[in-house]
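Trainee: only geometry, no sequence info:
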């Protein structure tokens, strides 16, 4: 799932992000805090009818935080981290790797979700590994 071109082979290769409104993309995000940052984001790419949302994440500067995601695309269907009433399994947002960062209005993190599932068929479980880059977010 790409909104923009984010397929780095190293933490220093950030790929080619796109801006809100560019190529039919809709991006809304807030990243606020000091020391530890609260992240919420909604992204949608009209081009491939896909979305990636960070429902809530708390990420310490230079460390590893946790959060919940929700995503949907033609190839993946609807996937999310397990919610209340299910065995909790949040995603990690790692900004301890050289080249990654979190600050007011921005984050570049390695995201690892040990368990994402289809909420309609919660026995269908998979793992998600990727990167998230958000800049120019409200704070």
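Mentor: Structure received. This structure is a prediction, so every number in the text was calculated from the model and none was measured.
Trainee: Only C-alpha atoms from now on, for both contacts and neighbour counts.
Mentor: Will do.
Trainee: need the strands for the protein, in chain order.
Mentor: Secondary structure of the chain (DSSP state E): strands at 25-34, 36-45, 50-60, 64-73, 77-80, 91-94, 101-103, 106-118, 121-134.
Trainee: burial count for the residue found closest to residue 38 once you drop the neighbours it is linked to in the chain?
Mentor: Here the nearest residue to residue 38 in space, its sequence neighbours aside, is residue 58; by CA to CA, 6 or more residues apart in numbering that works out to 4.7 Å. For residue 58, the neighbour count with other CA atoms under 10 Å is 20.
Trainee: What of the one 3 residues further on?
Mentor: Residue crowding around residue 61 was assessed by other CA under 10 Å; the count is 20.
Trainee: any idea how far residue 39 is from it?
Mentor: 12 Å (CA to CA, to the nearest Å).
Trainee: picking that back up, quick one: the residue nearest to residue 38 and residue 40 touch, right?
Mentor: No: counting by CA atoms under 8 Å, residue 58 does not reach residue 40; the two are 9.3 Å apart.
Trainee: can you pull the contacts of the nearest residue to residue 115 once chain neighbours are set aside?
Mentor: Spatial nearest neighbour of residue 115, excluding adjacent residues (CA to CA, 6+ apart): residue 127 at 5.0 Å. Residues near residue 127 by CA atoms under 8 Å, 6 or more residues apart in numbering: 112, 113, 114, 115, 116.
Trainee: of those, closest to residue 72?
Mentor: residue 116 (11.4 Å; CA to CA).
Trainee: Pull up the per-residue confidence for the closest one.
Mentor: Confidence at residue 116, expressed as pLDDT, is 88.
Trainee: now residue 99
Mentor: 87.
Trainee: Show the backbone phi and psi for it.
Mentor: Dihedral pair for residue 99: phi 100, psi -20, per degrees, to the nearest 10.
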